Structures are given as C-alpha cells and as structure tokens.
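1. Need a 3D model of the sequence below.
(chains A and B)
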Protein chains: 2
Amino acid sequence: MGLFNMDMGMGMHMEGDIARGEHVAISTCAACHGRYGISSSDTIPNLAGQQAMYLYGALTAYRDKVRHVQVMTDVASKLSERDIADVTAYYAHLPDRKW
Amino acid sequence: MGLFNMDMGMGMHMEGDIARGEHVAISTCAACHGRYGISSSDTIPNLAGQQAMYLYGALTAYRDKVRHVQVMTDVASKLSERDIADVTAYYAHLPDRKW
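-> Okay, the predicted model is just below:
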C-alpha cells in the first residue's frame, strides 16, 4: 500500500503511509473502531472511508483536549504526529464498509 | 421507509423515522454532509452508515455545547429531540457509501 496525500489547505499537504498506519490502527484503534474501521459498538464511530482531514482534526482535538473523551485523549496523546498522519491515511483510504 | 430502532442502553430504545429524517437532513444537513451522507469537504465528516448512537451523541453534544463547533451548535440547537432521532436514523440507515 502506498502513500495517501491529504490537502490541509493553505498550500499545505500531508502524506500518510497507509501500511504503517495499518500497524498503528491494529495496535491502537482496532479494539474499539474495528480492524477495518467498523466499530464494535453503536456509540463508537465507524472510521472506514471517513474524510481524512476530519479524522486528523478529530484526533488532534482529542490530543489537545479540545474534544473531551478521556480514552481518546489518552490514546491520541501517545501518538506521534507521524502516527496520526499514517493512521488517518489508513482509515480514510478504506474504500468500503465491511458490514 | 420505516422506523429505525436504536438501543440507547439501560433498556431504553429510541425510534427514528427515516423518511421524516430525510426531510430534516435535506433541509438542515445535506449542504455540508451531502444528500447521501458523503460530505462536500475533506474536513467535514461523512455520515452515511455511521453508528446511530454515536451520531445521536455527537448531535446532542454540539447542542449542549459539550463539543465546540459553532456552526454545529447553531444547527443542533434548532433541532427538536424528534428531529435529532429522525435525522440520526436517516443517516445511520444509509447502507452504502455513494462515492
């Protein structure tokens, strides 16, 4: 799997490594959000095919305590900037729902 | 289209009227989130097939200013409890992505 290019606006781009992002997802996110981005609970969002910059924005909002879900803040604050870009790319690139 | 039954936990259920929710979606949400829940921007989340109780939780969080996105607070605070249940049902019931 390749790189996923994300337009951050104002001429800024960010590349996410989908394969590396898959490893981050499996070790960090899949328990709740599902191996293929279909969550295990009705109250946990599906991530498969979600808009990349929205995912990036949500993760950094949790990391920076702009959004208040403790478990997500705990998780996001352990992710590097690269992890966030790669896991965003992984879930955003997932083409279809698997349910 | 029928009713969409949502388990809120603790024995509580909520029914959303998909057809009525579609009208709410068209008049209130579709401009940004798309007629079929596929958003018009990379920073705006897709809603098609999202988990119902997550959508319900997010909308009420914006309404109650637990989540801080002004446009969403403005929109959500104009929706009745019934509107929220119905529009949640509409987007949650959308089976597949249309992109």
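2. contacts, neighbours, all on C-alpha from now
-> Noted.
3. in chain A, which spans are helices?
-> Using DSSP state H, the helices of chain A run over residues A:18-24, A:30-33, A:52-63, A:70-76, A:81-93.
4. Mind telling me which residue is nearest the centre of chain A?
-> residue A:88 (3.4 Å; CA atoms, centre = their mean).
5. where does chain A come near chain B, residue by residue?
-> Proximity of chain A to chain B (CA under 8 Å from any CA of the partner chain) is limited to residues A:39, A:41-46, A:50-55, A:57, A:66-68, A:96-97.
6. Quick check on those: which are buried?
-> Buried subset of the residues of chain A next to chain B (neighbour count, 16 or more other CA atoms under 10 Å in any protein chain shown): A:39, A:42-46, A:50-55, A:67, A:97.
7. Make CSV out of the residues you listed and add pLDDT.
-> Formatted as CSV, those follow (pLDDT from 0 to 100):
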residue, pLDDT
A:39, 89
A:42, 87
A:43, 90
A:44, 93
A:45, 95
A:46, 94
A:50, 92
A:51, 91
A:52, 89
A:53, 91
A:54, 93
A:55, 94
A:67, 90
A:97, 49
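8. Tell me which two of those residues sit farthest apart.
-> Using CA to CA, those span at most 26.0 Å, a distance reached by A:67 and A:97.
9. ok so, going back, out of the helices of chain A, which one sits most buried?
-> Neighbour counts (mean count of other CA atoms under 10 Å in any protein chain shown) averaged over each of those peak at helix A:81-93, with a mean of 24.
10. between that helix and helix A:52-63, how many degrees?
-> 140 degrees (axes from the mean of the first three to the mean of the last three CA atoms, to 10 degrees).
11. Remind me what helix A:81-93 packs against, helices and strands.
-> Secondary-structure packing of helix A:81-93 (3 or more CA pairs under 8 Å, 6 or more residues apart in numbering or on different chains; DSSP states H and E): strand A:3-9, strand A:12-17, helix A:18-24, helix A:52-63.
12. now the second one: how far from the chain's centre is it?
-> When C-alpha coordinates are averaged (CA atoms, centre = their mean, to the nearest Å), strand A:12-17 and its chain have centres 13 Å apart.
13. Just the buried positions in that strand, please.
-> Buried residues in strand A:12-17 (16+ other CA under 10 Å): A:15-17.
14. Can you lay out those residues as JSON lines showing pLDDT?
-> Shown next, in JSON lines, are those (pLDDT from 0 to 100):
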{"residue": "A:15", "pLDDT": "84"}
{"residue": "A:16", "pLDDT": "90"}
{"residue": "A:17", "pLDDT": "93"}
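15. Among the residues you listed, which one lies nearest to residue A:2?
-> Distances from residue A:2 to the buried residues of strand A:12-17, taken by CA to CA, are shortest for residue A:17, at 6.3 Å.
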